[in-house]
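K.L.:
Model the following, please.
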Amino acid sequence: MTTTKVNQQTKTEVETELVSDIPHKRIGLLGGTFNPPHLAHLIIAEQVCTQLGLDRVDFMPDFQPPHVDTKQAIKAEHRVAMVKRAVIGNPNFGVELAEIKRGGKSYSYDTIVTLKKEHPENQYYFIIGADMVAYLPKWYRIAELAKLVQFVGVKRPGVKVHSAYPILWVDTPEIDVSSTLIRQKIAKHHSIRYLIPDSVCEYIEENKLYGKK
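P.N.:
Numbering: from 1, shown residues only. The predicted model follows:
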């Protein structure tokens, strides 16, 4: 009995040491449908990463957002491909496919629980727009989620910077670009140059997305 207890304690101590020996990283998560990704996404990610001194920001495409009309979202494979193109060349950026691999509705709580199990050495910073902060009380298992991540709010003019949850606020340039605007411009055959990365624009044209002819 004594030997068994010693062995169990030793195993636990070894596991703890192994986790503590892994370099801890501060990882930002920028979730979204990215339908398509645009320059405002990139600017927000870069500003948050550099201002907070994060190791990197991972763009995290959702599979099926629980709060958005999914009829307008194109297939996940296209959105993932565009995100990968958008972040190429910036060492501060990465791509996290946890929600795509899991499928179903992309609840942030489930995603963070999975990520923290797979990467206990990481500290996660969940990036959201100021307009989304007001909706936090409606998020799935928000009280538990708030204990697992540090929320980072991106300030916007005219939006109150107050929340019952701890928020790190970051100032970023106000860029009035949205995925909805880009889809509308494509539908009207207007130029989207300089609103999205050239590589993403090429992908949209090559795959005739959003009605692109």
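K.L.:
going forward, measure contacts and count neighbours with C-alpha atoms only.
P.N.:
Fine.
K.L.:
shaky segments in the chain?
P.N.:
For the chain, residues meeting the criterion pLDDT under 70 lie at 1-22, 67-71, 212-213.
K.L.:
What separation do you get for residue 152 and residue 101?
P.N.:
Going from residue 152 to residue 101 by C-alpha to C-alpha, to the nearest Å gives 25 Å.
K.L.:
for residue 74, that is, sorry about that
P.N.:
16 Å.
K.L.:
before we move on, back to that, more neighbours, residue 152 and residue 101?
P.N.:
More crowded of residue 152 and residue 101, by other C-alpha atoms under 10 Å: residue 152, with 24 against 10.
K.L.:
was I right about that one contacting residue 125?
P.N.:
Yes - if you go by C-alpha atoms under 8 Å, residue 152 and residue 125 touch, sitting 6.3 Å apart.
K.L.:
and residue 126, bridged to which residues?
P.N.:
Legend: beta-bridge partners of residue 126 under DSSP bridges are residue 29, residue 151.
K.L.:
could I get stretch 62-81 in CSV with only the CA atoms?
P.N.:
The C-alpha atoms that make up stretch 62-81 are tabulated as CSV, following Å, rounded to 0.1, in the frame of the first residue of the first chain:
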residue,chain,number,x,y,z
ASP,A,62,-16.8,29.0,-36.3
PHE,A,63,-18.6,26.1,-37.8
GLN,A,64,-22.1,27.2,-36.9
PRO,A,65,-22.5,30.4,-34.8
PRO,A,66,-25.3,30.0,-32.3
HIS,A,67,-26.4,33.7,-32.6
VAL,A,68,-26.2,34.3,-36.3
ASP,A,69,-28.5,33.5,-39.3
THR,A,70,-26.3,30.8,-40.9
LYS,A,71,-28.1,30.9,-44.2
GLN,A,72,-25.7,33.5,-45.5
ALA,A,73,-22.5,31.8,-44.4
ILE,A,74,-20.7,29.9,-47.1
LYS,A,75,-19.2,26.4,-46.5
ALA,A,76,-16.6,26.3,-43.7
GLU,A,77,-13.9,25.0,-46.1
HIS,A,78,-14.0,28.2,-48.1
ARG,A,79,-14.0,30.4,-45.0
VAL,A,80,-11.0,28.5,-43.5
ALA,A,81,-9.1,28.8,-46.8
